[in-house]
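Chemist: missing the sequence, but the structure's below:
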């Protein structure tokens, strides 16, 4: 089946990187000598919390939107998202002069909703427990003639997200380092798929892992099962960005072939990772951005004697959530 | 008098930049479209909190230490510091294989003391209210034959600190921007002096300002008076990194000639600036690292219709202090 899917390849990631040049931030690859000493190896943090809109999602959104034709641009786009894809699409649309409508859950973090509006998008709220966001988006798209920008199951979006890993691998090569392992936080799997395509080409010896919050480890279980499986309903996690129920069709086709496996962390481990990023890297990381780091600290992804990179995918966190994380670690 | 002082010049800053190449982090120049909209102009943050050891102080320390001869290196160095210069010297010394002794106030933030020890330095604590740190350092230096690395009144240290502004101006030029104003947090004035020397050469139209916490605005008042004046004793500020009583002799000789003036912010304004950096830039900034940003937000350094850069000089802050700052702003 995968043979017939419109999957992106490394050339698509490279083309995305060219489109993003001068528009996306070249985020730093952070390292802490003190953290390295504690971990017994070298840990790098690809700081995508410092990306435009506070998360890597700007990359995929801009890559998708910048390829639309003039008529589609004029009519506008619609996206559904818990918050980071929302901001990414809203800001990319604003930069390109495209009207954007964003469908968000009514209980999304207040900061993410406010920022999406501040980027000029129209926000339509829905009830995450009663309504299906894809159906809400499809209805709006149909009524208004809008083009849908999916959060992960889209070749343009996957290729765009992969530019973060491509950039990280090149930054590492520039200082004479290559990654033994690379871990990304995972919801629908777009970042993981794009990253795996990028690293397969430029750093084929690097093992690529997903990191998911406990209760939402559908990618991890799907990789183990060799087929897409869903999370049990009714679970809760503070990782609001990572609550997709099932891997995407396109993303799983790539991830099944390329990933080394899936890692999992509890919410408490995620809070400690947020506090660790605060103390050691001076970086604000949201819960869903800290799961890969949590999987280093909980021992699932050992750094001892190795070079490991985790992608801190976003920093859009309300002060209250951040305060709770700092308190839980002290 | 200034004619006879061993003042650094732009060539010294350029030489420092060459020495730091590959050792200091090229810290990012951050920008937030949403913050820019609120401020009506373009505000850049030079994120020195992401520098090695969590502050710009690594730059001056490494520049000074890397110029020592073999015999001096063998005997070792001593430095006095409230915390960031301590960590900068300790880590630079560790990288260069030089023994380091650091004299720190007994009430310095626990994190700064712990990290200084973790970099391998011997820490000697003193009572900030009863003892003179320069006298304590001089005594240790004499007894043990150690070379003193002053925190600011030293041409090597001043030149090293100036590399942050040089780097920022070049990063701006690379994206077609130049700064109308550049503000740095100020204690003894070494960062200000180095920055002013760098910008005089590569961006002469940029106005350079110091930013100090209220009660410790000795540089501001000295610039206005045309001579070095001291703070009144008995004041308190949360900006533990910026409590020097008087501008340095060398730093003031440079600053008097080159600075556009001195700005001041209250502790409450500093806390709000820390929360603003958290929300808009996803950056952890310590109190003393947020004063220049506070002077933007309190209106002393207007951004409207202009391009302004503030240097976020450090991120070494205890969780409790950071939590208080986040709470004060919500």
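Modeler: That came through fine. Please read these numbers as outputs of a predicted model, since none were measured by experiment.

Chemist: the closest residue to chain B within the stretch 101-250 of chain A: how many residues sit nearby?
Modeler: Closest to chain B within the stretch 101-250 of chain A is residue A:118: 5.3 Å, counting by Cβ to the nearest Cβ. Every residue, glycine included, has its C-beta placed from N, CA and C. Residues contacting residue A:118 under the criterion other Cβ atoms under 10 Å in any protein chain shown number 16.

Chemist: contacting residues for it?
Modeler: Residue A:118 makes contact with B:34, B:37, according to Cβ atoms under 8 Å, 6 or more residues apart in numbering or on different chains.

Chemist: got it, and residue A:78?
Modeler: Applying Cβ under 8 Å, 6+ apart to residue A:78 gives the contacts A:100, A:101, A:102, A:103, A:137, A:140, A:141, A:144, A:146, A:147, A:148, A:149.

Chemist: ditto for residue A:103
Modeler: Residues in contact with residue A:103 (Cβ under 8 Å, 6+ apart) are A:78, A:79, A:80, A:81, A:124, A:125, A:126, A:133, A:136, A:137, A:140.

Chemist: whichever of those residues end up buried, select them in PyMOL.
Modeler: Here is the PyMOL command that picks out the buried ones among the contacts of residue A:103, judged by 16 or more other Cβ atoms under 10 Å in any protein chain shown:
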select buried, chain A and resi 78+79+80+81+124+126+133+136+137+140
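
Chemist: give me the subset of the contacts of residue A:103 that lies in helices.
Modeler: A:133, A:136, A:137, A:140 (DSSP state H).

Chemist: which residue in those has the weakest pLDDT?
Modeler: For these, the weakest pLDDT value sits at residue A:133, with 84.

Chemist: buried ones in stretch A:69-78?
Modeler: Of the residues in stretch A:69-78, A:73, A:76, A:77, A:78 count as buried by neighbour count, 16+ other Cβ under 10 Å.

Chemist: ditto for stretch A:205-224
Modeler: For stretch A:205-224, the neighbour count (16+ other Cβ under 10 Å) marks A:206-223 as buried.

Chemist: now do stretch A:151-159
Modeler: Neighbour counts using 16+ other Cβ under 10 Å place A:151, A:152, A:153, A:154, A:155, A:156, A:157, A:158, A:159 of stretch A:151-159 among the buried residues.

Chemist: what residues does it touch?
Modeler: A:6-8, A:12-13, A:15-16, A:57, A:60-61, A:63-64, A:67, A:79-81, A:85, A:149-150, A:161, A:187-191, A:193-194, A:197, A:244, A:248-251, A:254.

Chemist: buried only: go through these for me.
Modeler: For the contacts of stretch A:151-159, buried by 16+ other Cβ under 10 Å: A:7-8, A:12-13, A:15-16, A:57, A:60-61, A:63-64, A:79-81, A:85, A:149-150, A:161, A:187-191, A:193-194, A:197, A:244, A:248, A:250-251, A:254.

Chemist: of those, which belong to strands?
Modeler: A:79, A:80 (DSSP state E).

Chemist: starting at the chain centroid, how far to the helix or strand bottoming out on mean pLDDT in chain A?
Modeler: Ranking every helix and strand in chain A by mean pLDDT, DSSP states H and E puts helix A:110-118 at the bottom, with a mean of 89. From the chain centre to the centre of helix A:110-118 is a distance of 18 Å (Cα atoms, centre = their mean, to the nearest Å).

Chemist: returning to that earlier point: for the contacts of residue A:78, which one is nearest residue A:113?
Modeler: residue A:102 (9.0 Å; Cβ to Cβ).

Chemist: the host helix or strand of the closest one to helix A:110-118, inter-axis angle?
Modeler: Element membership for residue A:102 (DSSP states H and E) is strand A:100-105. Relative orientation of strand A:100-105 and helix A:110-118, computed by axes from the mean of the first three to the mean of the last three Cα atoms, to 10 degrees: 160 degrees.

Chemist: sheet partners, orientation included, of strand A:100-105?
Modeler: Sheet pairing of strand A:100-105 (DSSP bridges) gives strand A:77-80 (parallel), strand A:122-126 (parallel).

Chemist: a markdown table for those, including distance to residue B:308?
Modeler: Shown next, in a markdown table, are these (distance: least, Cβ to Cβ, whole Å):
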| stretch | distance to residue B:308 |
| --- | --- |
| strand A:77-80 | 33 |
| strand A:122-126 | 31 |
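
Chemist: tell me which parts of the stretch 101-250 of chain A are close to chain B?
Modeler: Residues of the stretch 101-250 of chain A lying close to chain B by Cβ under 8 Å from any Cβ of the partner chain are A:111, A:115, A:118, A:119, A:175.

Chemist: hmm, try it at 6 Å
Modeler: Within the stretch 101-250 of chain A, the positions adjacent to chain B are residue A:118 by Cβ under 6 Å from any Cβ of the partner chain.

Chemist: list the contacts for the residue of the stretch 151-300 of chain A found nearest chain B?
Modeler: Using Cβ to the nearest Cβ, the single residue of the stretch 151-300 of chain A nearest to chain B is residue A:282, 3.3 Å away. By Cβ atoms under 6 Å, 6 or more residues apart in numbering or on different chains, the contact list for residue A:282 reads B:49, B:50, B:54, B:284, B:315.

Chemist: can you pull out the low-pLDDT segments for the stretch 101-250 of chain A?
Modeler: Counting by pLDDT under 70, the stretch 101-250 of chain A shows no low-confidence range.

Chemist: those helices in it, which residues are they?
Modeler: With DSSP state H, counting those that start in this stretch as the criterion, the stretch 101-250 of chain A has helices at A:110-118, A:133-144, A:155-174, A:190-202, A:218-225, A:249-258.

Chemist: which one of those lies nearest to residue A:34?
Modeler: Nearest to residue A:34 among the helices of the stretch 101-250 of chain A is helix A:155-174; the distance by Cβ to Cβ comes to 19.9 Å.

Chemist: distance of the residue in the stretch 1-150 of chain A that chain B sits nearest to from residue B:203?
Modeler: Per Cβ to the nearest Cβ, residue A:49 is where the stretch 1-150 of chain A lies closest to chain B, at 4.3 Å. Applying Cβ to Cβ, to the nearest Å, the value for residue A:49 to residue B:203 is 29 Å.

Chemist: okay, those two: which has more neighbours?
Modeler: Neighbour count, other Cβ under 10 Å: between residue A:49 and residue B:203, residue A:49 has more, with 28 against 21.

Chemist: what's the pLDDT at the more buried one?
Modeler: pLDDT, residue A:49: 98.

Chemist: nearest to residue A:273, of the contacts of residue A:103?
Modeler: Comparing these against residue A:273 with Cβ to Cβ places residue A:81 closest, at 23.0 Å.

Chemist: torsion angles phi and psi at the closest one?
Modeler: Main-chain torsions, residue A:81, degrees, to the nearest 10: phi -170, psi 150.

Chemist: torsion angles phi and psi at the nearest residue to it once chain neighbours are set aside?
Modeler: Of all residues not flanking residue A:81 in the chain, residue A:151 sits nearest, at 5.4 Å (Cβ to Cβ, 6 or more residues apart in numbering or on different chains). Main-chain dihedrals, residue A:151, degrees, to the nearest 10: phi -70, psi -30.
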